[in-house]
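In: Mind folding the following:
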Amino acid sequence: ALAHAFGWALLHSLWQATLAALILLLLLPRLKTARTRYRLAYGTLLSVLFAATVTFGLHYRFSSIGEGNAMPRSDFNTLTFNPFSSESAFDSTGLPFVSAWLESHYPLVVTLWLLGFALFLLRLAGGLWYIRRLRHEGLFLVESEWQTRLTALSERLSQSRPVALFQSALVSAPVAIGYLKPVILLPIGLLNQLSAPEVEAVLAHELAHIARRDWLFNLLQAFIESLFYFHPAVWWISGMVRQERENCCDDTAVALCGNPLHYAKALLRVQEMAVPVSTARLALGLDGGVAAARPAQRRMFLLERIRRILNQPQHKSHNMEKSIAT
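Out: You can find the predicted model right below:
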């Protein structure tokens, strides 16, 4: 019954996630603030998980009742309605062949999904191990002046939990990790390569991640990506979540610093120093979680953020190009 319910939940998630992505694509351009767009994108991602969970529960209940009553399955050529059989819903919609194929192959479908899910869970576990390593290895103290400035910024953000600040030999871009005991890590030498206002802008961005509790939300997001690793629409929705999350933190950093130009310069300098890291998605950094992406994608993401920070108008055909590509 579990395998049967999983098979149908995976099949239904194909159209459920696609529909959710289309709705998000239509609604996002109508929203003005990054915070509203982020909430809509993250809510859409959660709705995919919720719909799949409800679908699994319904089909598991029907399968359990059908097996308990020992009711025979109908042949797919005869559209006999059986209220305890989950495939009757598909038969009644005119897709008996899809229903019959899945009824014959759902053990194979679920097995293949489990193999992929296990690989992505290993990837997630590797990311958590990398985060743990960042917290304990290659750390160096910073000058007390910067810890004082960080505390002042935390007070302006109403951040109650103390935030530790270190230089790290294991990161190439600033990152914020942890929830109960948050830590901000800066690459070695970054404090000497940026001006004081630019460093404050970087710290403000990382503090915004901590104040928004993005660590927990990002961890749940990574788990949902592992569940629906096979669906391009889920990855697109997740990409929108990451993009709007960075936009929210950019807005907070600019509001705290008061100078968009200083922040844009700091963003550009940090991106130039960043090195692709495959496990960087769980570390909330200034690069927006795209450090492991292709160079062209990183440049495009950086360009869009700088345009937005400096309020430069985008080409009118930009949204149309996105729609055509989708």
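In: Please report phi then psi for Leu194.
Out: Main-chain torsions, Leu194, degrees, to the nearest 10: phi -110, psi 150.
In: now Gln167
Out: According to degrees, to the nearest 10, Gln167 has phi -90, psi 140.
In: you'd agree Trp165 is in a helix?
Out: Not Trp; residue 165 is Leu. No. Under the criterion used here (DSSP: H, G, I helix; E, B strand; the rest coil), Leu165 is strand, not part of a helix.
In: Just list whatever residues bridge to it.
Out: For Leu165, the beta-bridge partners under DSSP bridges are Ile184.
In: So it sits against Leu150, correct?
Out: Yes. With contacts counted by CB atoms under 8 Å, Leu165 reaches Leu150, the gap being 5.1 Å. Quick note: C-beta positions are derived from backbone N, CA and C, even for glycine.
In: These two: who's more crowded?
Out: A count of neighbours by other CB atoms under 10 Å puts Leu150 above the other of Leu165 and Leu150, at 23 against 19.
In: Okay, the more buried one and Ile188: tell me how far apart.
Out: 17 Å (CB to CB, to the nearest Å).
In: Over to Thr111?
Out: From Thr111 to Ile188 the distance is 47 Å (CB to CB).
In: What helix or strand is Ala125 located in?
Out: helix 96-136 (DSSP states H and E).
In: need the next SSE after that helix, C-terminal direction.
Out: That would be, after helix 96-136 and using DSSP H and E, strand 139-141.
In: next structured bit after that following strand?
Out: helix 144-156.
In: Pull the distance from that following helix to the chain's centre.
Out: Taking CA atoms, centre = their mean, to the nearest Å, one finds helix 144-156 lying 29 Å from the centre of the chain it belongs to.
In: if we can go back for a sec, please enumerate the shared neighbours of Leu165 and Leu150.
Out: 184, 203 (CB atoms under 8 Å, 6 or more residues apart in numbering).
In: So which of Thr111 and Ile188 has more stuff around it?
Out: For the pair Thr111 and Ile188, the greater number of neighbours falls to Ile188 (15 against 10), based on other CB under 10 Å.
In: does the more buried one really touch Ala169, like I thought?
Out: Yes. With contact defined as CB under 8 Å, Ile188 and Ala169 form a contacting pair (5.7 Å).
In: and for these two, which residues touch both?
Out: Common contact partners of Ile188 and Ala169 (CB under 8 Å, 6+ apart): Phe140.
In: Helices of this protein, start to end?
Out: Secondary structure of the chain (DSSP state H): helices located at 2-27, 34-68, 88-91, 96-136, 144-156, 190-193, 196-211, 214-227, 232-257, 260-273, 295-309, 317-325.
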